[in-house]
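**Student:** Here you go, sequence then predicted model.
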Amino acid sequence: MRPLTIISSRTPAGPLLEVAGDLDHSNAQQLRRAAAGAVVSAGLMLVVDLGELGFCDSSGITALIAVRNHVVAAGAGLILVAVPETLHRLLRLTGLDQVFDIRDGRRLQAD
């Protein structure tokens with residue numbers, strides 16, 4: 001099991017959270033706290049880079065949904081980038097790929 005690390009920075013679109021390691025029931029709250037700590041205001045995008053995510057269980061998916069709800073309530077948007085294929089497949093199977101804005105690149109370029 002790889003420890004979860006979350007690095008926060010800024011992009012022209014808004015805050016960026018780089019998530020690495022394993023996201024599961026033991027640390028899903030860490031992602032929720034990191035998203036709550038990212039200042040997201042109306043019109044901005046919270047970008048979550050999952051390129052180094054090794055594992056994500058249902059608690060991790062629930063945390064991603066909670067992050068999305070937090071961001072949408074603030075009038076902002078959420079973009080998931082570099083989603084690992086196993087997680088992307090789960091999101092497709094559950095229909096959550098229709099809920100999340102998923103982009104392929106490792107970094108979001110300013111639109």
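**Tutor:** Noted; the coordinates are in hand.

**Student:** Roughly how far does residue 7 sit from residue 19?
**Tutor:** Plainly put, residue 7 is 8 Å away from residue 19 if you go by Cβ to Cβ, to the nearest Å. Every C-beta, even on glycine, is put in place using the N, C-alpha and C of the backbone.

**Student:** And the two? Which one has more around it.
**Tutor:** The neighbour count for residue 7 versus residue 19, taken as other Cβ atoms under 10 Å, is higher for residue 19 (24 against 12).

**Student:** Assess the claim that the more buried one and residue 52 are in contact.
**Tutor:** Yes - counting by Cβ atoms under 8 Å, residue 52 is a contact partner of residue 19 at 7.1 Å.

**Student:** contacting residues around residue 36?
**Tutor:** Residue 36 makes contact with residue 70, according to Cβ atoms under 8 Å, 6 or more residues apart in numbering.

**Student:** Any figure for the gap between it and residue 99?
**Tutor:** As for residue 36, its distance to residue 99 is 20 Å (criterion: Cβ to Cβ).

**Student:** go on, residue 5?
**Tutor:** Per Cβ to Cβ, residue 5 is found 25 Å from residue 99.

**Student:** quick one: secondary structure of the residue nearest the centre of the chain?
**Tutor:** When the chain is reduced to its mean C-alpha position, the closest residue under Cα atoms, centre = their mean turns out to be residue 48, at 3.7 Å. Residue 48 falls in the strand class when you classify it by DSSP: H, G, I helix; E, B strand; the rest coil.

**Student:** where in the protein is pLDDT low?
**Tutor:** Residues of the chain that meet the criterion pLDDT under 70 lie in 106-111.

**Student:** Quick one: the strands in it, in order.
**Tutor:** Remark: strands of the chain, listed N- to C-terminal, are 5-11, 14-23, 45-56, 77-81, 101-103; assignment by DSSP state E.

**Student:** what's the burial count for residue 26?
**Tutor:** In terms of burial, residue 26 registers 13 neighbours under the definition other Cβ under 10 Å.

**Student:** Name the nearest residue to residue 63, ignoring sequence neighbours.
**Tutor:** On the basis of Cβ to Cβ, 6 or more residues apart in numbering, the spatially nearest residue to residue 63 that is not a chain neighbour turns out to be residue 28, at 3.9 Å.
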